[in-house]
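[1] Make a model of this:
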Amino acid sequence: MQFGIFSVSDITTDPTTGRTPTEAERIKDIVTIAKHAEQVGLDVFALGEHHNEPFFSSSPTTTLAYIAAQTSTLQLSTATTLITTNDPVKIAEDFAMLQHLADGRVDLMLGRGNTGPVYPWFGKDIRAGIPLAIENYSLLHKLWREHVVDWQGKFRTPLQGFTSTPRPLDEIPPFVWHGSIRSPEIAEQAAYYGDGFFANHIFWPASHTQRMV
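    The predicted structure is shown next:
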C-alpha cells in the first residue's frame, strides 16, 4: 500500500485571509508540497491536467519533470491525463521522456476529465468520449510495446512504420491507472489490460462506486 498526495491544480482563495494566490505562486507552492511529501515519507505525488481557470496545470509532465529533478524516491503520477483530447502519440513520447528523467519513478493515470468544453477546444466531440478513451489507449498501449507501429483507427490519421521516441526506460512502460467516476466501460478497460483502476466516488453514491470496483 502506498500513501500520497494528489492535486487537481486548483487556485482557490485562502478562507483565513481572503487572498487568492497568483498562478506563479501556486505553481511554486505545488513544487514545495511535492518536495515536502517526500521529506515526510509519503510515497506518491500526482498532479492533474486542466485547461481552464481556476486551474494551472495544463502541462503536468513539465511540472513533474521539475519535481523529479528535486526528489529521489517520490513516485510521480498524473491525476489525470486526458486520454480523450490528448494525442496518444504525444502521451507516449512525453511520459517516456519523463520516465527517463525521473529514473523510472512515473505512473500515468488516464481519464476523460470533468470539463465538457475541453473537447471542442482540442477538436473532439464529447459524445465520442468513451470510444475515444478506448481507441486512444489501445494505440498508446501498442506504441509503448512495439518498436514499429502500423495502426489505423477512427479518430486520428493512420500510422505507418512509426516508432515512438524515446522508448520506455528499460523497455518497461509506465504503470497505467484508468480513472473513472461514472463509466463502467473504463473499469472494464482497466481489467482487460490488467492495469490499475482509480475509483473516485466524487458526486456519486457509494452503491455506484461499489459496482464500479
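[2] Mind jotting down where the strands sit in this protein?
    Secondary structure of the chain (DSSP state E): strands at 4-7, 44-47, 75-78, 81-82, 107-111, 149-151, 159-162, 175-180, 196-199.
[3] With Trp121 as the reference, name the closest of those strands.
    Trp121 lies closest to strand 81-82 among the strands of the chain, at 10.5 Å (CB to CB). Where you see a C-beta, it was placed from the backbone N, CA and C, and this is true even at glycine.
[4] distance between the closest one and the chain's centre?
    In terms of CA atoms, centre = their mean, to the nearest Å, the centre of strand 81-82 is found 5 Å from the chain centre.
[5] same question, stretch 151-164
    Its chain's average C-alpha position is 22 Å from that of stretch 151-164, according to CA atoms, centre = their mean.
[6] Ok, stretch 31-44 next?
    That offset, for stretch 31-44, works out to 19 Å (CA atoms, centre = their mean).
[7] For it, list the C-alpha coordinates in CSV.
    Extracted in CSV, the C-alpha atoms of stretch 31-44 (Å, rounded to 0.1, in the frame of the first residue of the first chain):
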residue,chain,number,x,y,z
VAL,A,31,6.5,22.0,-6.1
THR,A,32,7.1,22.7,-2.5
ILE,A,33,4.2,20.4,-1.5
ALA,A,34,5.7,17.6,-3.6
LYS,A,35,9.1,18.0,-2.1
HIS,A,36,7.7,18.0,1.5
ALA,A,37,5.7,14.9,0.6
GLU,A,38,8.9,13.1,0.0
GLN,A,39,10.6,14.6,3.1
VAL,A,40,7.8,13.3,5.4
GLY,A,41,7.9,9.8,3.9
LEU,A,42,5.0,9.8,1.6
ASP,A,43,5.2,7.6,-1.5
VAL,A,44,3.3,9.3,-4.3
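[8] Correct me if wrong: Phe175 contacts Asp195.
    Yes. With contacts counted by CB atoms under 8 Å, Phe175 reaches Asp195, the gap being 7.4 Å.
[9] So the two - more neighbours on which side?
    Neighbour count, other CB atoms under 10 Å: between Phe175 and Asp195, Asp195 has more, with 17 against 13.
[10] Confirm for me that the more buried one is in contact with Val176.
    Yes. With contact defined as CB under 8 Å, Asp195 and Val176 form a contacting pair (4.5 Å).
[11] I'd like the strands of the chain laid out as a markdown table, including distance to Ala96 and mean pLDDT.
    Below are these laid out as a markdown table (distance: least, CB to CB, whole Å; pLDDT from 0 to 100):
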| stretch | distance to Ala96 | mean pLDDT |
| --- | --- | --- |
| strand 4-7 | 22 | 95 |
| strand 44-47 | 18 | 98 |
| strand 75-78 | 14 | 97 |
| strand 81-82 | 13 | 96 |
| strand 107-111 | 10 | 95 |
| strand 149-151 | 14 | 98 |
| strand 159-162 | 14 | 98 |
| strand 175-180 | 13 | 94 |
| strand 196-199 | 18 | 90 |
